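A.B. asks: Sharing a model that was predicted from the sequence below.
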Amino acid sequence: DAGVIQSPRHEVTEMGQEVTLRCKPISGHNSLFWYRQTMMRGLELLIYFNNNVPIDDSGMPEDRFSAKMPNASFSTLKIQPSEPRDSAVYFCASSPRQGGNYGYTFGSGTRLTVV
Amino acid sequence: GEDVEQSLFLSVREGDSSVINCTYTDSSSTYLYWYKQEPGAGLQLLTYIFSNMDMKQDQRLTVLLNKKDKHLSLRIADTQTGDSAIYFCAEKGKLIFGQGTELSVKP
């Protein structure tokens, strides 16, 4: 299995531009999570989906952020418009089901730099 | 709300044991996890412990759970330079992470 695949690995964009981050979870995994990692705040859970349905988006910082999961094999995290403070590494993770002893498999992350 | 706390840094010599500590607040956590993050990489699940266990051993890794004090620890025996990384503890379904402990192993 190729694991959780995120794209792009690196993204540099100008303030005000739209940014779309992509994630392909492991086939058969029913739960998908988006995290953001910064030096100041550590790892923050942004949103998670069970069976393609958003369950908890309370971690999404503001309306500029949106996430979708149109099918079981694909999810996007969009920032519009982007701001310098959005610069971070964004991780996607998937799990066969939420919680339990399955653990979560993380992608390699997308490093976003907004200038 | 839910919160997980860790010390930020730990430095040990190669061959020594490392102990990374974590405290959590959610007493209903059924599973607690330890993840490892190497530079430029995602998080990798190292081990987990079910809340009705006090201890779990997995090769060089020993996890201790004190439910009364809501304290979790990870002991790495015979620490190697390859163990240098950031270690995160996490709890429960939404996987709330601690800040991470950066382990530095000196030869």
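C.D. replies: Yep, that arrived.
A.B. asks: Up against chain A, what does chain B have?
C.D. replies: B:30-31, B:33, B:41-45, B:48, B:50, B:88, B:92-100 (Cβ under 8 Å from any Cβ of the partner chain). C-beta here means a position set from N, CA and C on the backbone, and glycine is covered the same way.
A.B. asks: Mind checking which of the residues you listed are buried?
C.D. replies: Neighbour counting over the residues of chain B next to chain A (16 or more other Cβ atoms under 10 Å in any protein chain shown) leaves B:31, B:33, B:42-43, B:45, B:48, B:88, B:92-100 as the buried ones.
A.B. asks: about what we covered before: in strands only, show me the residues of chain B next to chain A.
C.D. replies: B:31, B:33, B:43, B:44, B:45, B:48, B:50, B:88, B:96, B:97 (DSSP state E).
A.B. asks: Among the residues you listed, find the lowest-pLDDT one for me.
C.D. replies: Here the lowest pLDDT out of these sits on residue B:96, with 78.
A.B. asks: doesn't residue B:4 make contact with that one?
C.D. replies: Yes - using Cβ atoms under 8 Å, residue B:96 makes contact with residue B:4 at a distance of 5.4 Å.
A.B. asks: how about the residues of chain A near chain B?
C.D. replies: A:4, A:33, A:35, A:42-43, A:45, A:48, A:56, A:91, A:93, A:98-101, A:103-109.
A.B. asks: Give me the buried subset of those residues.
C.D. replies: For the residues of chain A next to chain B, buried by 16+ other Cβ under 10 Å: A:4, A:33, A:35, A:42-43, A:45, A:48, A:91, A:93, A:98-99, A:103-109.
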